[in-house]
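Chemist: A predicted structure for the sequence below; I have some questions about it.
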Amino acid sequence: MKVTGVILAAGKGTRMKSDLPKVLHSVLGKPMIAYGQNAIKHLNRKYVVVGHKSELVIEELESGFQSVLQKEQLGTGHAVVTLLNSDEFNHDDSDYIVIIPGDVPLLIKEDIDSLITQSLETKAALGIITAEIFNPEGYGRIIRKDGTIARIVEQADSTEDEQQINEVNSGMYCFNKKFLRDNITNLDTNNEQNEIYLTDLIEIAFQNNLDTVIVKVSEDTIKGVNSMSQLNDVEQTLRDKLINLHMENGVYIQDSSTTYIDEGVVIKPGSRIMANTHITGATEIHENCIVGPNTMINNSSIGSDSTIISSVLDGVTLKGAATIGPYAHLRKGSVLESNVKVGAFAETKNSNIGKGSKIPHLAYVGDADLDENVNFSAGSITVNYDGKNKHRTDIKKDAFIGSDVMLVAPITVGEGAMIGAGSVITKDVPPKALGIERNQQKNIDGYMDRKTPKDKN
């Protein structure tokens with residue numbers, strides 16, 4: 001049998017107090033809708049019902065997911081009616097349809113697969129995922145009769161007795177497509193929200209003595225996001241699981257309460273992540289690195305045996321055994337070969353730093369190419385911007401850049417050359433040469449004796 005997957009992602013998320021569509025809020029560096037897509041991407045066909053700011057949601061859809069626009073958001077039932085009546089769904093040849101919300105990032109593929117398997121094996125009219133939770137406030141309650149699910153009552157429509165029920169609806173279903181088509185048009189808006197509830201189909205199945213399947217899962221699995229506090233809650237749950245997984249794989253994490261690691265980050269065994277460290281985006285940290293404390297790394301590759309202390313790296317490649325910080329800032333496009341040092345209060349941007357080169361402290365290297373074993377001393381900078389265009393600086397092997405030097409690009413410093421401290425270099429420096437630009441020092445004898453007492457103070 002063929003199974004189609006559907007993600008409901010049309011809502012605005014009013015309680016989020018944000019103009020960004022709810023399903024696009026980030027959880028561990030990924031939009032919420034990415035978790036839903038991952039859970040059903042193995043199915044035959046995949047659809048996403050979009051609505052509020054649909055163009056932004058569509059940008060986050062993976063290959064194989066087709067969008068269907070719900071112009072008016074009139075409840076989950078209306079979203080499914082919109083799907084079934086759409087041109088996009090016209091050629092769907094599935095037997096069953098799995099429907100999940102787009103705002104449940106803790107759901108797991110295994111639970112969805114269990115729901116599908118049990119529904120198909122029993123040829124049920126529908127299957128549903130439920131959970132017993134400590135505080136069911138806001139969830140639809142599962143009403144059973146003789147152990148069978150009879151209906152679902154939403155929080156706004158429930159009685160005081162029904163509100164005491166702890167088994168709740170997850171919003172995840174597996175419908176026989178024929179049952180769904182035959183009955184969804186019978187739903188009405190006779191409820192507190194004046195919306196078409198997809199959950200009313202459960203009562204229709206019960207009244208017609210049709211088989212239903214219930215898959216009960218853990219409370220965490222079904223946690224939805226309707227507010228910023230709930231977003232924080234589910235992200236904390238996922239973060240704890242992710243950090244534990246890294247530790248099980250041989251990564252030492254000093255303080256899990258102050259360590260933030262995105263879902264897409266790769267950390268190899270033997271590395272040590274110190275307190276108050278944020279590792280985000282498509283970052284990969286190789287073996288035996290020390291990262292932190294007080295460090296932020298985004299979209300970067302950190303080679304084996306590197307040490308990064310109290311620094312910020314964004315869009316950077318370290319080939320290995322680099323020593324960074326404290327208080328260094330490596331910006332996008334910085335590529336460091338092995339055994340490079342970038343020290344305190346030094347900054348690099350869009351530059352290639354050769355093997356064994358050093359930028360010890362208080363320096364800026366932007367739009368530059370440094371060969372092997374270059375020493376770029378304190379207080380020196382590449383002057384790469386002329387007010388209109390960026391220009392590159394080329395520093396050859398074994399060159400020595402003295403302190404407080406300005407290299408005004410475009411410029412080349414030859415192999416083995418030296419630049420004298422305090423120089424402003426505007427012309428190429430040949431190999432092995434000394435480049436120096438200074439006014440002659442002038443000493444005024446007896447100057448301090450001629451100053452008045454007030455001047456001396």
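Modeler: The structure has been received and is ready for your questions.

Chemist: can I assume Ile353 is in contact with Ser338?
Modeler: No - look at Ile353 against Ser338 with C-beta atoms under 8 Å: they stay out of range, at 10.3 Å. Where you see a C-beta, it was placed from the backbone N, CA and C, and this is true even at glycine.

Chemist: Now for the two: what residues contact both?
Modeler: Common neighbours of Ile353 and Ser338, counting by C-beta atoms under 8 Å, 6 or more residues apart in numbering, are absent.

Chemist: Please say which of those two ends up with more neighbours.
Modeler: Ile353 (29 against 16; other C-beta atoms under 10 Å).

Chemist: On the pLDDT front, check the closest residue to that one other than its chain neighbours for me.
Modeler: Nearest non-adjacent residue to Ile353, counting by C-beta to C-beta, 6 or more residues apart in numbering: Leu336, 4.6 Å away. For Leu336, the pLDDT comes out at 98.

Chemist: what's the neighbour count on Leu336?
Modeler: Per other C-beta under 10 Å, the neighbour tally for Leu336 reads 31.

Chemist: what bridges to it?
Modeler: On the basis of DSSP bridges, Leu336 is bridged to Leu318, Ile353.

Chemist: Could you pull up the residues touching it?
Modeler: Contacts of Leu336 (C-beta under 8 Å, 6+ apart): 316-319, 322, 330, 342, 348, 353.

Chemist: does Tyr173 sit in a helix, a strand or a coil?
Modeler: Classification of Tyr173 by DSSP: H, G, I helix; E, B strand; the rest coil places it in strand.

Chemist: and the residue nearest to it when sequence neighbours are not counted, what are its phi and psi?
Modeler: Leaving aside its chain neighbours, Tyr173 sits nearest to Ile99 (4.8 Å; criterion: C-beta to C-beta, 6+ apart). Main-chain dihedrals, Ile99, degrees, to the nearest 10: phi -120, psi 130.

Chemist: Please apply the same query to Asp157.
Modeler: Here Asp157 shows phi and psi, under degrees, to the nearest 10, equal to phi -100, psi 0.

Chemist: Any buried residues in stretch 248-258, and which?
Modeler: By neighbour count on 16 or more other C-beta atoms under 10 Å, the buried set for stretch 248-258 is 251, 253, 256.

Chemist: Repeat that for stretch 1-11.
Modeler: Residues of stretch 1-11 classed as buried: 3-11 (neighbour count, 16+ other C-beta under 10 Å).

Chemist: Can you find the helix or strand of this protein with the lowest average pLDDT?
Modeler: Scoring the helices and strands of the chain by mean pLDDT, DSSP states H and E places helix 453-456 at the bottom, with a mean of 59.

Chemist: I'd like to know how far the closest residue to Lys268 other than its chain neighbours sits from Gly354.
Modeler: Distances taken as C-beta to C-beta, 6+ apart place Glu287 nearest to Lys268, at 4.5 Å, with adjacent residues excluded. Distance, Glu287 to Gly354, using C-beta to C-beta, to the nearest Å: 23 Å.
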